[in-house]
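Student: Sharing a sequence plus its predicted fold:
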Amino acid sequence: MPRITVALIFGGRSSEHEISIISAKSIAANINRERYKVLPFYITHEGHWLCDGIAQDILNLDLSALLRNSSLEATASTLREMVKEAAQKPFDFDFKSALIDVAFLTLHGTYGEDGRIQGFLDTCAVPYTGCGVLASALTMDKALTKLCVADAGLAVAPSMTLFSADYHTDPEGVRSLIEQQFDYPFFVKPANLGSSIGISKVHHGSELPSALESACSLDAKVLVEKAIQGREIEVAVLGNETPEVSLCGEIEPGSDFYDYQDKYIHNTAKLFIPARIPGEIQEEVRSAALKAYKALGCRGMSRIDFFVDENTGRIVLNEVNTIPGFTDISMYPQLMAASGIPFQELAERLLQLALETIRP
Ligand SMILES: Nc1ncnc2c1ncn2[C@@H]1O[C@H](COP(=O)(O)OP(=O)(O)O)[C@@H](O)[C@H]1O
Ligand SMILES: [Mg+2]
């Protein structure tokens, strides 16, 4: 049987560029090379597409070690330095002439997880792993995700959406509006980012201005959200029309909340699989995840994150990640493995789900 050619696309213009490289490296190591030929495509921080040798060099780096031993900025400049020459040449790659059968997307965040690359690949008639344009774009926006799943009957944390332009015009007015509606502590977060970038837990009025400055400088839309006290539960969903749902996993943040350092650098967060919640609550979370997956029109995969409120016992949907982290320590592959689908089989299943998808 001839091998299927997979374009492994990683890097990209989002703030999760470095994590995307680590995810791609795990995927590359788990694709069955007897069935698939892997062509790496690295998108630089600036948006240049690089393939072949240089993309493979980036994939070969031990980025986890680089991030542990130096800052994110230093790691980013190492990457920029490596691609300096290659990025000056025009990109003349043609997906069709390269006979790419399918793309494996390990791009996280903006431009990768939000429907833009999906739309581009649709126009090139190249199938790809994960959700299509609409579900990707919808779930990228935390405010719209909440609207959509609430409409399907799921509980979400009480929140308020504000626009950065309004904040910049009248910061005091916006702050007093927030203080009228929310008791401390609460969360302030950009609507469209990931990896906890720009997110603050605001404990006191004195912390509100810097929280708003930070979120409003990163996104045009910002959410203020009631802080839910309880456990953080995540489930992995895999499939198209008949999705399967994993066991429940639990994150115990190593700091005040699950932030960037905790997620990727220090590994201070603890993961528990299965989650330390009663069996009937696990079942409720799993069925809520399937409901959300359907309501949002997801395909391929998603990791769906919840809180179990310790005061009310309610299950509250927090967010949906359509291209979850795929590093060795990431929850999605670990949940799938614990549910009977090891990493190699997961990579295979995602590619098969992509190949069977007809995008009109
Ligand atoms: N409403 C909330 N109540 C309690 N904790 C929250 C809330 N919103 C966010 N958090 C904390 O912040 C982390 C990151 O927020 P999240 O909305 O998941 O954004 P991201 O897309 O960056 O992961 C969560 O994992 C959780 O620890
Ligand atoms: Mg999250």
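Tutor: Nice, I can see it. Ligands and ions are numbered 1, 2, ... in the order given.
Student: Look through the chain and tell me its longest helix.
Tutor: helix 279-295 (DSSP state H).
Student: List the pairing partners of the very next helix or strand once past it within its sheet, with orientation.
Tutor: Moving toward the C-terminus from helix 279-295, the next helix or strand (DSSP states H and E) is strand 301-309. Partners of strand 301-309 in the sheet, by DSSP bridges, are strand 230-238 (antiparallel), strand 315-321 (antiparallel).
Student: Can you add distance to ligand 1, mean pLDDT and mean neighbour count and give the ones you listed back as CSV?
Tutor: The C-beta positions use only the backbone N, C-alpha and C, and glycine is treated the same way. Below are the strands paired with strand 301-309 laid out as CSV (distance: least, C-beta to the nearest ligand atom, whole Å; pLDDT from 0 to 100; neighbours: other C-beta atoms under 10 Å):
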stretch, distance to ligand 1, mean pLDDT, mean neighbour count
strand 230-238, 6, 97, 23
strand 315-321, 5, 97, 21
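Student: can you list the domains in this structure?
Tutor: Annotated domains of the chain cover 4-128, 139-155+229-355, 159-226 [automatic domain parsing].
Student: starting at the chain centroid, how far to the second one?
Tutor: Going back to what we said before, that points to domain 139-155+229-355. 11 Å (C-alpha atoms, centre = their mean, to the nearest Å).
Student: V308 reaches G230, doesn't it?
Tutor: Yes: counting by C-beta atoms under 8 Å, V308 touches G230, with 4.9 Å between them.
Student: Enumerate the residues of the stretch 151-300 of the chain near ligand 1.
Tutor: 157, 187, 189, 194-196, 199, 225-228, 232, 253, 257-258 (C-beta under 6 Å from any ligand atom).
Student: Which one among these sits at the bottom for pLDDT?
Tutor: pLDDT across those is lowest for G194, at 74.
Student: So what's the residue count around the closest residue to that residue other than its chain neighbours?
Tutor: Sequence neighbours aside, G109 is the residue nearest to G194 in space, at 4.7 Å (criterion: C-beta to C-beta, 6 or more residues apart in numbering). Neighbour count of G109, defined by other C-beta atoms under 10 Å: 23.
Student: what sits against G109?
Tutor: G109 is in contact with 12, 14-16, 193-195, counting by C-beta atoms under 8 Å, 6 or more residues apart in numbering.
Student: Please identify the buried residues of the helix or strand T78 falls within?
Tutor: Taking DSSP H and E as the criterion, T78 maps to helix 72-83. With burial defined by 16 or more other C-beta atoms under 10 Å, the residues of helix 72-83 counted as buried are 72, 75, 79, 82-83.
Student: And the helices in the protein, which stretches?
Tutor: Under DSSP H, the chain gives helices at 17-30, 53-60, 63-69, 72-83, 116-123, 133-140, 142-151, 164-169, 171-181, 208-218, 260, 279-295, 331-338, 343-355.
Student: weakest of those helices by average pLDDT?
Tutor: Among these, helix 260 carries the lowest mean pLDDT, at a mean of 76.
Student: still on that earlier bit, now distance to N240 too, for the helices of the chain, in CSV please.
Tutor: Below are the helices of the chain laid out as CSV (distance: least, C-beta to C-beta, whole Å):
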stretch, distance to N240
helix 17-30, 19
helix 53-60, 28
helix 63-69, 31
helix 72-83, 35
helix 116-123, 15
helix 133-140, 12
helix 142-151, 19
helix 164-169, 37
helix 171-181, 40
helix 208-218, 33
helix 260, 32
helix 279-295, 10
helix 331-338, 16
helix 343-355, 6
